[in-house]
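Enquirer: Give the three-dimensional model of this entry:
(2 chains)
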There are 2 protein chains.
Amino acid sequence: MKDALTLSEELVKRNEIAEGKVKLVLLVLDGLGDIRHPDNDYKTPLEEADCPNLDELASRSALGRIIPVDYGITPGSGPAHLGLFGYDPREVEIGRGVLEVVGMGMELRPADVAARANFCTVKDGKVVDRRAGRPATEVAAEKARLLQTAIPKIDDVELIIEPGKGHRFGIIFRGPGLAGGVTDTDPHENGEPVHQAEAELPEARKTADIVNRFVKKAGEVLAGGEPINAILTRGVSGPPDIPGLPDRYGLRCAAIATYPMYRGLAQLVGMKLLETGQSVEEEFQTYLDNVDGYDYFFIHYKPTDEAGEDGAHERKVQAIETLDRALGMVLENEPDVLVVTGDHSTPCPMKLHSWHPVPLLLHSPRCGADGRPHFTEQECNCGSLGIFLAKNLLPLMLANGGLLDKLGA
Amino acid sequence: MKDALTLSEELVKRNEIAEGKVKLVLLVLDGLGDIRHPDNDYKTPLEEADCPNLDELASRSALGRIIPVDYGITPGSGPAHLGLFGYDPREVEIGRGVLEVVGMGMELRPADVAARANFCTVKDGKVVDRRAGRPATEVAAEKARLLQTAIPKIDDVELIIEPGKGHRFGIIFRGPGLAGGVTDTDPHENGEPVHQAEAELPEARKTADIVNRFVKKAGEVLAGGEPINAILTRGVSGPPDIPGLPDRYGLRCAAIATYPMYRGLAQLVGMKLLETGQSVEEEFQTYLDNVDGYDYFFIHYKPTDEAGEDGAHERKVQAIETLDRALGMVLENEPDVLVVTGDHSTPCPMKLHSWHPVPLLLHSPRCGADGRPHFTEQECNCGSLGIFLAKNLLPLMLANGGLLDKLGA
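Expert: Residues are numbered from 1 along each chain as shown, chains lettered A, B, ... in the order given. Purely as a prediction, here's the structure:
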């Protein structure tokens, strides 16, 4: 059955988008949503924050709440952003290896295959410590560089190795004929031998072979360096096989984000990464500097989520207020469609991502004005957009930009 | 495509459920929802009732409204409860025979086949009265007992016959190789001969044969007893082939209900029936007495629906107030997740089940507090849960109990 995404792909006015006059901005305050709770005296950070810009905007905007994936489902960053970007996160799966390397800021290409990897300790043919005694990051990084130098290539497959935190590192396999769908060499418990990678699909046979040979060679390179004397691989996967936003809608998309994970996710759906600074003012300046070159901007703001994960209510309030003050820069040069929302809720009382619907504000010349005085969870409950799945946001943004034709006559 | 039900089955924390520390309670006020109408001076029973317990709970809970099946669809008790129990009532069909015997309190086992049956009058090979002159219940019951004694078994198939109201009775066929999917012997109009039951599927051939032989034998047993001298069967069906809640989620489920229909429905999804009394206080006491033995409790309260069906507005108000007073027993020993809702609306001005969304209150340490002062239809319209399909309730309850893992990273 056709959903709003399929219909919007059919109805999108590609010619009008090609003129480059309509600007859509998705501003994501990571982990924005929160809950009233005894711990915060029944007041969410959005309710407590002093937000003159957001409040003024709210009164002449359409409000609602978005469900990141589905009822009761708490999303990781991957599924949560896919929904906002106009994909159904219930249909698109991003492999763990892909998320890992993308989160490390490694550049993943369409035919690549990625893996998460651990340094480990092997003795008498068995894994005795899957994390090699949890080495310091710099110690493990040295070993990762050693592997990269010693094993740059296996047959026609190039290896790209990047150190991560502690015992972890990321690998990209780049070459012809590779595919995801290979079992883990990590036995997932100590006392077991390193497993052989096996192809779950015929097209992954070459990948399984390369992975097994890499694991073996790495053991030879690392031999004698206890506790780090072997490696384990997990989550071998290729990038999701999904068409990018430029293909689907003709949108030239740009991502402004400071964290590798969100930059990587944006790249997977065809967004161009813009260089930017660490502050939200710098991110907004990057938007202003590049506004002529793109149709759709994803701007990511991380501090709200970090505060939520730490259970730091006051810090989340401040993070929202900081953003509100900076928002004036965007409002002075108001885009045609401006969405302010989060990818998911990270309630401070929970210190975790959650399933709670995320407050959403959508402003455009066509949005209608709900007249709610504040941008808060409770005001958004009563907005004209209702409570709906995140995957429907992009069609709404396009409609508000005047970029969708009528269905039928 | 995966929906919240499929995803929640994948993400459920079975180990945590197995520890038995998290208690989920679904309290169903049958037919709770109502409508503002000139007949009730535009005040629903929930709005008129004095409910200190529910109001206090509402202010620190999440509110919303549930659509039992789909927009505009009025459900019977079967589909309405299936939705609340975490099934999509648009996908699961409960045969009429099954509903009949379950509603009569007969114990149906997985491989059984059930049928609704009528006593009727046959003359010269044709049905002249499909209801045999609408006999008194006790007269027909006598004939049902006669049949049970005369025909306890056909080949290896045991027959269990239970009298119902007036001309009706229920039959369970129990034995190897039976299946639903058999046409009615009831011609559905007078003046026609009794039809032959035919198998709609190859696996139902034996059932069709047994049904035909039973109808023939019954005619012989009843011969000469006009107006009751034959029988007709309808809705021959087996229990729905659905996995129970214990299989799907590892939940140990208990049902506390006084009416056979709801006890039967609960049993079809794997709930254990607890013995209880007729009053709501006795039902709540049964919950308190058994709280340690189960993870999920379905507590059913019938008087709200009865009042609605009778159009008795004041009686519905009182039924709600009676429940509210007793609710203190549950709140003193607050479960981790408490849901108060209905299976459907039964508006007094309509004297019928209806499609109107049902008010819903969900309380847990993670629910957030919508801060609405009352538990009424109108306040629920502005709650953070929105208006959503009943099938999404169970995933929400599990999430609120901390029993679902995150999707993706």
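
Enquirer: now the strands for the stretch 301-409 of chain A?
Expert: For the stretch 301-409 of chain A, the strands defined by DSSP state E, counting those that start in this stretch cover A:337-341, A:358-363, A:386-389.

Enquirer: among the ones you listed, which is the most enclosed?
Expert: With neighbours defined as mean count of other CB atoms under 10 Å in any protein chain shown, the strands of the stretch 301-409 of chain A peak in mean count at strand A:358-363, which reaches a mean of 26. All C-beta spots, glycine's among them, are computed from the backbone N, C-alpha and C.

Enquirer: same for that strand, what does it pack against?
Expert: With contacts defined as 3 or more CB pairs under 8 Å, 6 or more residues apart in numbering or on different chains; DSSP states H and E, strand A:358-363 has these neighbours: helix A:52-59, strand A:62-67, strand A:337-341, helix A:377-381, helix A:393-400.

Enquirer: quick one: buried residues of the first one?
Expert: Which is helix A:52-59. By neighbour count on 16 or more other CB atoms under 10 Å in any protein chain shown, the buried set for helix A:52-59 is A:Asn53, A:Leu54, A:Asp55, A:Leu57, A:Ala58.

Enquirer: Dump the helices and strands packed on strand A:358-363 to JSON lines, plus mean pLDDT and distance to A:His195.
Expert: Shown next, in JSON lines, are those (pLDDT from 0 to 100; distance: least, CB to CB, whole Å):
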{"stretch": "helix A:52-59", "mean pLDDT": "97", "distance to A:His195": "52"}
{"stretch": "strand A:62-67", "mean pLDDT": "98", "distance to A:His195": "38"}
{"stretch": "strand A:337-341", "mean pLDDT": "98", "distance to A:His195": "42"}
{"stretch": "helix A:377-381", "mean pLDDT": "97", "distance to A:His195": "46"}
{"stretch": "helix A:393-400", "mean pLDDT": "98", "distance to A:His195": "41"}
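
Enquirer: want to try JSON lines for the ones you listed, with distance to A:Ala266 as columns?
Expert: Shown next, in JSON lines, are those (distance: least, CB to CB, whole Å):
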{"stretch": "helix A:52-59", "distance to A:Ala266": "24"}
{"stretch": "strand A:62-67", "distance to A:Ala266": "18"}
{"stretch": "strand A:337-341", "distance to A:Ala266": "15"}
{"stretch": "helix A:377-381", "distance to A:Ala266": "25"}
{"stretch": "helix A:393-400", "distance to A:Ala266": "14"}
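
Enquirer: so which of those gets nearest A:Arg252?
Expert: For these, proximity to A:Arg252 was assessed by CB to CB; helix A:393-400 is nearest, at 14.0 Å.

Enquirer: quick revisit: and the strands of the stretch 301-409 of chain A as CSV, adding distance to B:Leu360?
Expert: Formatted as CSV, those follow (distance: least, CB to CB, whole Å):
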stretch, distance to B:Leu360
strand A:337-341, 25
strand A:358-363, 20
strand A:386-389, 13
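
Enquirer: ok, back up a step: show me which of the buried residues of helix A:52-59 is closest to chain B.
Expert: Among the buried residues of helix A:52-59, A:Ala58 lies closest to chain B (CB to the nearest CB), at 16.2 Å.

Enquirer: Please name the residues that touch that closest one.
Expert: Counting by CB atoms under 8 Å, 6 or more residues apart in numbering or on different chains, A:Ala58 touches A:Leu361, A:Asp370, A:Arg372, A:Pro373, A:His374, A:Phe375, A:Glu379.

Enquirer: I'd guessed the fifth one sits against A:Ala49; true?
Expert: No - when contacts are counted by CB atoms under 8 Å, A:His374 is not listed as touching A:Ala49 (9.5 Å).

Enquirer: Same drill for these two, tell me which one is more crowded.
Expert: Taking other CB atoms under 10 Å in any protein chain shown, A:His374 and A:Ala49 do not tie; A:Ala49 has more neighbours (22 against 17).

Enquirer: measure the nearest residue to the more buried one once chain neighbours are set aside to chain B for me?
Expert: Excluding its sequence neighbours, the residue lying closest to A:Ala49 (CB to CB, 6 or more residues apart in numbering or on different chains) is A:Ile320, at 4.1 Å. According to CB to the nearest CB, to the nearest Å, A:Ile320 and chain B sit 17 Å apart.

Enquirer: again, but for A:Ala4
Expert: Distance of A:Ala4 to chain B, given as CB to the nearest CB: 14 Å.

Enquirer: residue contacts, A:Thr183?
Expert: A:His195, A:Ala197, A:Glu198, A:Glu200, A:Ala208.

Enquirer: So the residue in the stretch 301-409 of chain A positioned nearest to chain B versus B:Thr376, what's the distance?
Expert: Using CB to the nearest CB, the single residue of the stretch 301-409 of chain A nearest to chain B is A:Ile387, 3.2 Å away. Remark: distance between A:Ile387 and B:Thr376 (CB to CB, to the nearest Å) = 19 Å.

Enquirer: A:Arg248 too?
Expert: 44 Å.

Enquirer: higher neighbour count, these two?
Expert: More neighbours surround B:Thr376 than the other of A:Arg248 and B:Thr376, with 24 against 18 (other CB under 10 Å).
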